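**Student:** I'll drop the sequence and a predicted model, then ask my questions.
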Amino acid sequence: MASPSEKLAQSLEILHGLQNANGAAIRAKDMTRTHRERLLTNGFLQEVIKGWYIPSRPDEVIGIGGRVAPPPLPHHRTCGSASGGSAD
């Protein structure tokens with residue numbers, strides 16, 4: 001069984017191939033969910049709009065000492081827990 005670092009290396013090879021073939025923007029359907037989630041979790045991929053990603057560096061700092069925040073979990077948008085309740 002491959003170690004986590006070997007699995008990440010495999011995902012990075014897939015990403016590298018997509019960068020060479022497609023340029024900067026990568027569609028979600030161009031790689032498996034496993035590779036996509038592994039790259040997102042480790043900071044090597046960033047979603048820009050639904051279904052489209054760009055490569056990123058995990059150590060990259062955005063703004064004044066901040067990092068790009070991960071998107072909120074889907075249930076935060078639907079149940080209103082992030083905003084303190086519904087607008088009704």
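**Tutor:** Perfect, thanks for sending it.

**Student:** just the helices in the chain please.
**Tutor:** 4-22, 33-41, 74-79 (DSSP state H).

**Student:** can you pull the buried residues of stretch 30-43?
**Tutor:** By neighbour count on 16 or more other C-beta atoms under 10 Å, the buried set for stretch 30-43 is 30-31, 35-36, 38-40. (C-beta placed from N, C-alpha, C; glycine too.)

**Student:** before we move on, what about stretch 46-64?
**Tutor:** Residues of stretch 46-64 classed as buried by neighbour count (16+ other C-beta under 10 Å): 46, 53, 55-56.

**Student:** pick the most deeply packed of the helices of the chain.
**Tutor:** Among these, the stretch with the highest mean neighbour count (mean count of other C-beta atoms under 10 Å) is helix 33-41, at a mean of 16.

**Student:** for that helix, which helices and strands make contact with it?
**Tutor:** helix 4-22, strand 45-49 (3 or more C-beta pairs under 8 Å, 6 or more residues apart in numbering; DSSP states H and E).

**Student:** what does the last one contact?
**Tutor:** Read it as strand 45-49. By C-beta atoms under 8 Å, 6 or more residues apart in numbering, the surrounding residues in contact with strand 45-49 are 15, 25-26, 36, 39-40, 53-56, 68, 71.

**Student:** please name the strands paired to that strand in the sheet, noting orientation.
**Tutor:** strand 52-55 (antiparallel) (DSSP bridges).

**Student:** who's in contact with the partner strand?
**Tutor:** With contact meaning C-beta under 8 Å, 6+ apart, strand 52-55 is reached by 15, 19, 24-28, 36, 40, 44-48.

**Student:** the same query, at a cut-off of 6 Å, please.
**Tutor:** 24-26, 45-48 (C-beta atoms under 6 Å, 6 or more residues apart in numbering).

**Student:** ok, so of these, who is nearest Ser5?
**Tutor:** Leu45 (17.0 Å; C-beta to C-beta).
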